[in-house]
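1. Return a 3D structure for these sequence lines:
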Amino acid sequence: MTMLSHTGSPLERSLYSSERRDAAAAAAARPATIKRFFMHVLMLLGAGITMTAVMALKVAVYLPHIIHH
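-> Presented below is the predicted three-dimensional model:
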C-alpha cells in the first residue's frame with residue numbers, strides 16, 4: 001500500500017494525476033491508436049476475403065458434380 005500512496009508535500013501534484021497528462025503525449029498516442037484500429041480492420045477484411053475465396057472455390061469444384069448427378 002505504501003507504493004500506491006502519495007508521499008510528497010500536500011501542495012505537490014501527484015505523478016498519476018489526470019491533470020498531469022501532457023497534451024503532446026496524448027496527441028502522439030492518437031496516430032498509434034488509429035494505426036492499430038486500421039490494422040485490425042485490414043486483418044478482418046483479409047480474413048473475410050480469404051473465407052469468401054475458399055467458399056467460391058468449393059462451389060466451383062462441387063457444383064458441377066452436384067448438377068450432373
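2. contacting residues for L45?
-> L45 sits next to no residue when contact means C-beta atoms under 8 Å, 6 or more residues apart in numbering. Backbone N, C-alpha and C define where each C-beta goes, glycine included.
3. any idea how far it is from A24?
-> Using C-beta to C-beta, to the nearest Å, L45 is found at 33 Å from A24.
4. next one: T33
-> Taking C-beta to C-beta, one finds T33 at 15 Å from A24.
5. which residues in the protein form helices?
-> All helices of the chain, identified by DSSP state H, fall at 23-68.
6. can you list the weak-confidence ranges in it?
-> Within the chain, the ranges that satisfy pLDDT under 70 run 1-21, 69.
7. now with 90?
-> 1-31, 63-69 (pLDDT under 90).
8. what about A29, distance to R36?
-> A29 is 10 Å from R36, by C-beta to C-beta.
9. can you check L63 too?
-> According to C-beta to C-beta, L63 and R36 sit 40 Å apart.
10. do R30 as well
-> 11 Å.
11. go on, A60?
-> A60 is 36 Å from R36, where distance means C-beta to C-beta.
12. go on, I49?
-> From I49 over to R36 (counting by C-beta to C-beta), the distance is 21 Å.
13. and if you look at H68?
-> Taken as C-beta to C-beta, the span from H68 to R36 is 49 Å.
14. Give me the more crowded residue out of these two.
-> Legend: neighbour count by other C-beta atoms under 10 Å for H68 and R36, higher for R36 (10 against 6).
15. Could I get the contacting residues of that one?
-> Contacts of R36 (C-beta under 8 Å, 6+ apart): none.
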